[in-house]
Every structure is written in structure tokens, then in C-alpha cells.
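S.K.: how would this look folded up:
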Amino acid sequence: NVISGNSGDGVLIQRSPNFTAQNNAVLGNYIGTDPSGSDNGGRNNLGNGGTGVSMFNAQNSLVDRNVIGANAAGVNVSGPSAVGNVITRNFIGVDATETIVFGNGEHGVFLDSRSHGTRVGGSAAEGNVIAKQSGRGLWMTAVGTEGNAIRRNSIYENQGTEVENKLGIDLSPSGPNGNDPGDIDNGPNLSQNYPSIIGVYELAGQIRVNGLLMAAPNTTFELDFFANTLCDASGYGEGETYLETLVLATDANGLAGFSLTLAASLPVGQDFVTATATDPGNNTSEFSNCVQRAPALVVTSSNDADDGACTLAHCSLREAINAANAHPGADAIVFGIQGPGPHTIQPLAALPLVTGPVNLDATTQPMAACPLVVDLPPIGESPMYYSELCARIVCVRYLGHCLGWESAEGKSRICGMGGSELRS
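M.R.: Numbering: from 1, shown residues only. Sure thing, here's the model as predicted:
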């Protein structure tokens, strides 16, 4: 069907005293577009004046395999009795080839007024494409609007002329929400905390994503990872291409570090990685910060073995330094040692001197509470040092004197032996 050119909503499913508005299906329609899936560059004026598909207090209804564009908004689910609705396999804002753009005037999907239990996407085969809106990809408002799973969709380039942020997923208030310890705040989808990505590193053709989830204690979450061509201007992500899912449990402090090696490389031209977190109640977070991949040497073992190669299968700190010295130009040495900390590195002999520019970033080691310790007792006058990571702060000391530290904000400081400081 072609459902276009109406002054109000294209499709309205609304509960009333005489109608339960249950078990409806909107399948395979062009809503706001012509039969080819295009609005002909706007010349046909096919967009509906209201929302493409509006469901008010509807229950257990399905919106599937539609092309929805050029409307005032894409799909809206609202009302405290709205529950169990499913939105899958739609193209919202673009045609089925994703080459013709007819973004909706506001948001691609809008969940509000305490609607709950909506599923947007699902398995990789059920994901929607939500792109090119003039507002957010998905906008969720009101306490009580919760239990809404937003899984494995392709959400990208949702932005326009409106003032507010154009995030892929935005849980009110507008813009990226900060994470809180223990995730005890409230809001849409319980203001579920998103993962914090520390680094995305490439080694031997494989991609390693290091990060930390700070959320409800003793809870199992599902983290969905995505690749992107660009970051949102806010520095937080959208989610253009779904990559894979990691199941992760927090500890009694609500913390869970992760160091994930992706099963496949990133798609060509999509070098930025983001993630979402979904709790057991199907509350999905906003997208995480957006981090670009970079070549790196990843320390994966706390032992001091040296077989002449630094690989993802095994790389000691010694092997990483040797590999950095053998490579011309700048390098990064990062940490992805698996298992609960603390991890202690005790070299059997003095480590090699670093001969080139190297960023040795211990903040990449997952988890907090001092999970990484490099314990190097002084040998003669060699510049041995002790390094520890506490709450993402690196402190490097020599015989009790501060040599330097790096804060979570990325600011670093090098201290002289006498206490003088050089900042960078």
C-alpha cells in the first residue's frame, strides 16, 4: 500500500473504550513515499502531515518491513497502556537501498508517555535502518517509559536544523547523559548507563575494544557494538553497522571491564566504534562515546616471556617494547590482560630502553581498583619504576618520587626527581 499525502498521521492505532487496539500489523507499506520508495526529491509532496505510524496505548502490534519517510515523524509509541509493540526491518528516513534520502522532519522513532516493553530491532536480521532524520534517530521521554529494547539496528546521520543534539539514541533530557555510579538514577529506560570505551586498537588485522561498564551491581548486561563512518558532533555515537554482542556481568561495585577481540575487522571506511548496554529488563542505553581505531601493541600477558613477536595470542610488556623499538615512528603500547586483577608484571631483568616515541597507556587495562601493577625494583642506576592503575589514573614512581601521572581526562604530567614538573 501507499499511505501518503495525508494531513494527519499516515497510520493511527489508538485504543478507545470500544477498541482494544491489540495485535495489529502494519506490514510492507510505503508511508510518506511513492511506490518506488522515493518522494521524488519532495516534488510529489507525499509526506504525511503527522507521524508515519502512530500507536497510542496500542498493545502487541507489529510495524515491519515498511519504508517510512518525509513525514513529520517516523514512528511514535505512546501512552501508559502501550506495551509489547514491535518495530522491525523498516527503512525510516531512507529507501531500501539507503541511497535516496527522505528523512522525517523530527525523530525516526519516538517513545514517550510511559509506553513500555517496545522492541525496536532485535536479532541482526530484525534491525531497522533509521537514518537522515532532521531530529534524533530515537528519542525517549518520561519516567515510566522503560523496558524498551533497542537492539542491532543501523542508526546513523540523524541530524538537521533543530537546535538540540541529534543523537542516535537520546534518553531525555536532551543530549548525552552522564553515567552515575551504581546507575541509581531514574528516567526513560531507567537512564541505563552506557559503556565507556577506553580504546579501539588494531593488531595483526584484528580489532581489540577495551572499556568499562559502570552499572547496577551483580547484574548481567548485553553490550552491542557498532562501527561508524563518523562520530556524532557531541563525541558520542550512533550505530551504523552492528558488529557483535558481548555478555558481561558487573561485580558487587557495579563495575565490569571488557577487552573484546572482534570476530571480524571493521567495515571499510567505518573506523569508529560505539556500544550500547541493555539490562535484563530490556532497558537499552544511549550510545557510548565514539572512539576511532588506532594501530597498537597490546600487552596481553603479565609474564616476561619473549619469543620475538607481539601478537594478540601473547604479548608481554618486554615484547611490546621490543616491537615498538623495531618500528619507525610513533607507537602505542596498551594493555588488555584478561581475568580479574590485580595483574602483576615482574620482569626477570631490566626492560629494554625505549628508543622512540611511545605512548604507554596503562589506562587501557580494563577494570578499576588497581588492576595493573608493574613492579620493577631498582637495579643500580637503571630507571626502574613502579606503575599502578587506580580508577584510571596512572601513577609512575621511582624510589618513592613521582615521575608522572595521567588523569582520566587525558592530561599528563611528568615530575622531576626533585619535585619539579613538566606538563604535556
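
S.K.: Quick check: the residue most central in space within the chain vs Asn193, distance?
M.R.: Among the residues of the chain, Ala275 comes closest to the average C-alpha position under CA atoms, centre = their mean, at 2.0 Å. Shown here: Ala275 relative to Asn193, a distance of 11 Å by CB to CB, to the nearest Å. Heads up, the C-betas are built off the backbone N, CA and C, glycines and all.

S.K.: ok, now Glu240?
M.R.: According to CB to CB, Glu240 and Asn193 sit 22 Å apart.

S.K.: can you check Glu98 too?
M.R.: In this view, Glu98 and Asn193 are 31 Å apart by CB to CB.

S.K.: same check, this time on Ala313
M.R.: 32 Å.

S.K.: neighbour count winner among the two?
M.R.: Neighbours per residue, other CB atoms under 10 Å: of Ala313 and Asn193, the larger number sits with Asn193, 25 against 10.

S.K.: so that one makes contact with Pro176?
M.R.: No - counting by CB atoms under 8 Å, Asn193 stays clear of Pro176, with 11.6 Å between them.

S.K.: Report the contact partners of Val83.
M.R.: By CB atoms under 8 Å, 6 or more residues apart in numbering, the residues touching Val83 are Gln59, Asn60, Ser115, His116, Gly117, Thr118.

S.K.: Oops, could you answer that again for Leu353 instead?
M.R.: If a contact means CB under 8 Å, 6+ apart, then Leu353 has no contacts.

S.K.: Let's see the pLDDT reported for it.
M.R.: We have a pLDDT of 79 for Leu353.

S.K.: give me the element it is part of.
M.R.: Using DSSP states H and E, Leu353 sits in no helix or strand.

S.K.: ok, Gly10 touching Gly49?
M.R.: No - between Gly10 and Gly49 there is no contact under CB under 8 Å: 9.3 Å.

S.K.: returning to what we had before: go through the contacts of Val83 and name the one nearest Gly205.
M.R.: Among the contacts of Val83, Thr118 lies closest to Gly205 (CB to CB), at 38.9 Å.

S.K.: burial measure for that closest one, as a count.
M.R.: 26.

S.K.: residue contacts, it?
M.R.: The contact partners of Thr118, taken as CB under 8 Å, 6+ apart, are Val77, Ala82, Val83, Gly84, Asn85, Val86, Ile87, Leu111, Gly147, Asn148, Ala149.

S.K.: please redo it, this time with the cut-off set to 7 Å
M.R.: Val77, Asn85, Ile87, Leu111, Asn148 (CB atoms under 7 Å, 6 or more residues apart in numbering).

S.K.: Helix, strand, or coil at the third one?
M.R.: The assignment at Ile87 comes out as strand when based on DSSP: H, G, I helix; E, B strand; the rest coil.

S.K.: Let me see the contact set for Ser7.
M.R.: Applying CB under 7 Å, 6+ apart to Ser7 gives the contacts Gly49.

S.K.: Quick check, pLDDT for it.
M.R.: According to the model, Ser7 scores 94 on pLDDT.

S.K.: Shouldn't it be within a helix?
M.R.: No - counting by three-state DSSP, Ser7 falls outside a helix, being coil.

S.K.: Tell me what the nearest residue in space to Val2 that is not next to it in sequence is bridged to.
M.R.: For Val2, ignoring the flanking residues on the chain, the nearest one in space by CB to CB, 6 or more residues apart in numbering is Tyr30 at 4.9 Å. Beta bridges link Tyr30 to Val2, Val67 when assigned by DSSP bridges.

S.K.: and Tyr30, how many neighbours?
M.R.: Neighbourhood size, Tyr30 [other CB under 10 Å]: 24.

S.K.: Let me know whether it touches Val67 as I believe.
M.R.: Yes - the criterion here is CB atoms under 7 Å, and Tyr30 meets it with Val67 at 5.1 Å.

S.K.: any chance you could map the strands in the stretch 101-250 of the chain?
M.R.: Using DSSP state E, counting those that start in this stretch, the strands found in the stretch 101-250 of the chain span residues 109-112, 119-121, 129-131, 138-140, 149-151, 154-156, 169-171, 196-203, 206-214, 220-228, 241-249.

S.K.: More neighbours: which of Gly10 and Gly49?
M.R.: More crowded of Gly10 and Gly49, by other CB under 10 Å: Gly10, with 30 against 14.

S.K.: so what's that one up against?
M.R.: Going by CB under 7 Å, 6+ apart, the list of residues near Gly10 reads Ile3, Ser4, Ile31, Gly32, Asn48, Gly52, Val53, Asn71.

S.K.: Beta-bridge partners for the closest residue to Glu126 other than its chain neighbours, please?
M.R.: By the measure of CB to CB, 6+ apart, the closest residue to Glu126 outside its immediate chain neighbours is Thr88, 4.3 Å from it. Assessed by DSSP bridges, Thr88 has beta-bridge partners Asp64.

S.K.: From Ala124, how far off is Thr88?
M.R.: Distance, Thr88 to Ala124, using CB to CB: 11 Å.

S.K.: Name the residue in these two with the higher neighbour count.
M.R.: Using other CB under 10 Å, the more surrounded residue of Thr88 and Ala124 is Thr88, with 20 against 14.

S.K.: Next up, the contacts around the more buried one.
M.R.: Thr88 sits next to Asp64, Gly121, Gly122, Glu126, Asn128 when contact means CB under 7 Å, 6+ apart.

S.K.: Report pLDDT for the third one.
M.R.: Put plainly, it is Gly122. For Gly122, pLDDT reads 98.

S.K.: Chain neighbours aside, what residue packs nearest to Val26?
M.R.: Val63 (4.8 Å).

S.K.: Can you give me the buried ones in stretch 175-186?
M.R.: Buried residues in stretch 175-186, counted by 16 or more other CB atoms under 10 Å: Pro176, Asn177, Asn179, Asp183.

S.K.: okay, how far is it across it, tip to tip?
M.R.: Start-to-end span of stretch 175-186 (CA to CA, to the nearest Å) is 16 Å.
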